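Chemist: This is the structure alone, sequence omitted:
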């Protein structure tokens, strides 16, 4: 059943998968559910300073039924928007330390560029094999920190 919000916002799309050499069309579903999880991911990112990209990919992949590759690409774009919003607030209140942030930003830019190029050629199944342990590790780490366990 088509999602009326996805239709109205023109969220359905297609992409060329270099791993399969095929055009993949997809239809987005459950936009309100995706919005709710994205709101939570953005809130967590702003409050806790965590990279919420994994939650965004999870929301788009499982809740909105987007393929993993466009979900990942969209999350990368949204991470920049989220980070810019938070960084601006932190910068103006003096919490941001450029001497720490600059080398981290360079590393992230290089890593994201390399990862984005590799991702295009990997089968989706391999991306899931990489993504699932990363999500699991993040979840365990957050739980332990929440209970005051030092890692």
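Modeler: Perfect, thanks for sending it. Bear in mind that the values here come from a model prediction, so they are computed numbers and not experimental data. Numbering: from 1, shown residues only.

Chemist: so where does residue 57 fall, helix or strand?
Modeler: If you go by DSSP states H and E, residue 57 is part of helix 53-58.

Chemist: what residues does that helix touch?
Modeler: The contact list for helix 53-58 (Cβ atoms under 8 Å, 6 or more residues apart in numbering) reads 37-38, 40-41, 44, 68, 71-72, 74-76, 78-79, 131, 134-135, 138. For the C-beta atoms, the positions are set from N, CA and C on the backbone; glycine is no exception.

Chemist: Which is the succeeding secondary structure element to it?
Modeler: helix 68-92.

Chemist: Just the mean pLDDT for whichever helix or strand comes after that following helix, thanks.
Modeler: As assigned by DSSP H and E, the chain's next helix or strand after helix 68-92 is helix 98-119. In this model, helix 98-119 has a mean pLDDT of 90.

Chemist: Quick check: buried residues in helix 98-119?
Modeler: Across helix 98-119, burial judged by 16 or more other Cβ atoms under 10 Å covers residue 119.

Chemist: Repeat that for stretch 19-31.
Modeler: 26, 28, 29, 30, 31.

Chemist: Let me have these in JSON lines, extended by distance to residue 146, pLDDT and secondary structure.
Modeler: Below are those laid out as JSON lines (distance: Cβ to Cβ, whole Å; pLDDT from 0 to 100; DSSP: H, G, I helix; E, B strand; the rest coil):
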{"residue": "26", "distance to residue 146": "35", "pLDDT": "94", "secondary structure": "strand"}
{"residue": "28", "distance to residue 146": "32", "pLDDT": "94", "secondary structure": "coil"}
{"residue": "29", "distance to residue 146": "31", "pLDDT": "94", "secondary structure": "coil"}
{"residue": "30", "distance to residue 146": "28", "pLDDT": "93", "secondary structure": "coil"}
{"residue": "31", "distance to residue 146": "30", "pLDDT": "94", "secondary structure": "helix"}
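
Chemist: Of the residues you listed, which is the nearest to residue 127?
Modeler: For the buried residues of stretch 19-31, the closest approach to residue 127 (Cβ to Cβ) belongs to residue 26, at 15.4 Å.

Chemist: Quick check: that closest one touching residue 12?
Modeler: Yes - contact criterion Cβ atoms under 8 Å: residue 26 and residue 12 qualify, at 6.7 Å.
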